[in-house]
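Participant: Take this sequence and fold it.
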Amino acid sequence: MRKMMCAVMAALMLLSTGCASMLNRDYSSVAPHSATPTAEGDSNTIRVENYQELVNALIYLVNQGEESGSIRYSGEEADFKKLMDEACLEVKQEDPLGNYAVDYIKYSVTSIVGSYEADVQITYRRTREQVASIVDATGAAAIRSELSRALSSFSSEVVLRISYFEEDENYIHQLVRQAYLSNPATALDFPEAEVAMYPESGQQRIVEVTLTYHQPLQTLESRRNSLSREAERICQPLTELTGIREKLDGITKALQSMGAYSAQGGSTAYDALLSGGGDSQGVALAFSLLCHQVGITCSVVDGQKDGQSHFWNVVQTATGYRHVDLSRSGSVTYDVDQTMTQQGYVWDTQQVPVCS
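Facilitator: This next block holds a predicted model:
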């Protein structure tokens, strides 16, 4: 066990402020007389005087990834074993990292004059690498950003420590979908997402998202590279244009001339540009990809048309945001919200810029 003479006190102070925020309850700060929380004559033993300090000491061991540790208790509680049982249970069930990473905690107690000493043994069900990969994220934007980062590299897992969180698994699934559609260059295989939360309730939790793709990693990487080259080829003649409308017209003409939309096509930009055509989702992703390629702000709208699932785009023009649906026959139009509503389109207005 590593040296604790200076580190333990710093860690306990952090637990009472930063790390303690991981729990559902407020943790008291360490009292001034605990300035040296190690037992006298033993720098490897943490000294505590009440239940809260005992919980914080166990959390410290878990955060350090320690498999063993010694805690000396000099408080007034006579039944120290009961106190240890309650503290171990709280760390295992209520602390996000304890609930996520710890398999079980066991201990043995030795009675010392005026105090008790617990020899703690911690068994983990996660590796040090898994714990080290946990990313802190607070708020929908931060969560979506981390999910987007994982999806863009075709990662199989993302683990987040989230504060002020009161949502459920469906909320995370929605953010996975939004993150996927926000990256048209890598939206090549929407994975099955399995969400687990540790603990199941509370404002501070660790959220584990396991992603299972339908295509091998090598195939996805190859398609990503091919799609990137094709987007560059299509947009190369547009780089000399200066006006947004001229660039948009160039993109839409290119997509129409190559038959990028096919009602029975696939649902990725790769399908639309390189594999015979894409459906409304595929052509919307392709349009968004090409807009990004020439520096135009564009997003994919996941909505409905006439009661059926449907995808289109919202693009920033010189006169504001406008809706664009390349799956419609005829000339391409740039419409405002009212026009789209009249034509049977429905979307989440909280997620899409106003087009007025």
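Participant: what does the longest helix anywhere in the chain rub up against?
Facilitator: If you go by DSSP state H, the chain has its longest helix at helix 217-235. Identification of contacts with helix 217-235 by Cβ atoms under 8 Å, 6 or more residues apart in numbering yields 154, 185-186, 188-189, 213, 215, 251, 254, 268-270, 273-274, 289-290, 293-294. Any C-beta I mention is one placed from the backbone N, CA and C, and that applies to glycine too.
Participant: same thing but at 7 Å, please
Facilitator: Among residues not part of helix 217-235, those counted as contacts by Cβ atoms under 7 Å, 6 or more residues apart in numbering are 154, 185-186, 188-189, 213, 254, 269-270, 273-274, 289-290, 293-294.
Participant: Now go through the residues you listed and say which are in helices.
Facilitator: Among the contacts of helix 217-235, the subset assigned to helices under DSSP H consists of Ala254, Ala269, Tyr270, Leu273, Leu274, Leu289, Leu290, Gln293.
Participant: Spit out the contact partners of the fourth one.
Facilitator: Leu273 makes contact with Leu227, Glu230, Ala260, Ala286, according to Cβ under 7 Å, 6+ apart.
Participant: which regions of this protein sit below the pLDDT cut-off?
Facilitator: Low-confidence segments of the chain, defined by pLDDT under 70: 1-43.
Participant: In it, which residue sits furthest out from the middle?
Facilitator: Within the chain, Val113 marks the point farthest from the mean C-alpha position, 49.6 Å out by Cα atoms, centre = their mean.
Participant: And it, its phi and psi?
Facilitator: Val113 has phi and psi values of phi -50, psi 120 when expressed as degrees, to the nearest 10.
Participant: One more: Tyr116?
Facilitator: When quoted as degrees, to the nearest 10, the phi and psi of Tyr116 stand at phi -130, psi 150.
Participant: now the helices: where do they sit in the chain?
Facilitator: Assigned helices in the chain, in chain order: 7-15, 51-63, 80-93, 96-101, 128-132, 140-152, 169-181, 217-235, 244-257, 269-274, 280-293, 337-342 (criterion: DSSP H).
Participant: which one of those helices lies closest to Val207?
Facilitator: Of all the helices of the chain, helix 169-181 sits nearest to Val207, with 6.2 Å by Cβ to Cβ.
Participant: Buried residues, the closest one. List them.
Facilitator: Residues Ile172, Gln174, Leu175, Val176, Gln178, Ala179, Tyr180, Leu181 are the ones in helix 169-181 that count as buried (16 or more other Cβ atoms under 10 Å).
Participant: Repeat that for stretch 62-70.
Facilitator: Buried-residue list, stretch 62-70, by 16+ other Cβ under 10 Å: Val62, Asn63, Gln64, Glu66, Gly69, Ser70.
Participant: Who are the contact partners of Thr212?
Facilitator: Pro191, Glu192.
Participant: hey, what's it bridged with?
Facilitator: Thr212 has these beta-bridge partners by DSSP bridges: Glu192.
Participant: mind checking how far it is from Glu192?
Facilitator: 4 Å (Cβ to Cβ, to the nearest Å).
Participant: Mind listing what's buried along stretch 202-215?
Facilitator: Applying a neighbour-count criterion of 16+ other Cβ under 10 Å, one finds Gly202, Gln204, Arg205, Ile206, Val207, Glu208, Val209, Leu211, Tyr213 buried in stretch 202-215.
Participant: swap in stretch 263-277?
Facilitator: Within stretch 263-277, the residues scored as buried using 16+ other Cβ under 10 Å are Gly265, Gly266, Ser267, Thr268, Ala269, Tyr270, Asp271, Ala272, Leu273, Leu274, Ser275, Gly277.
Participant: With only the CA atoms kept, save that stretch in CSV.
Facilitator: Presented in CSV, the C-alpha positions along stretch 263-277 are these (Å, rounded to 0.1, in the frame of the first residue of the first chain):
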residue,chain,number,x,y,z
ALA,A,263,-36.8,5.2,-51.0
GLN,A,264,-35.5,1.6,-50.6
GLY,A,265,-31.9,2.6,-50.0
GLY,A,266,-29.7,2.3,-46.9
SER,A,267,-29.7,4.7,-44.0
THR,A,268,-26.1,6.1,-44.1
ALA,A,269,-24.3,8.7,-46.1
TYR,A,270,-22.1,5.9,-47.5
ASP,A,271,-25.3,4.3,-49.0
ALA,A,272,-26.4,7.6,-50.5
LEU,A,273,-23.0,8.5,-52.1
LEU,A,274,-21.3,5.1,-52.7
SER,A,275,-23.8,2.4,-52.6
GLY,A,276,-26.7,3.1,-54.9
GLY,A,277,-28.7,5.6,-52.9
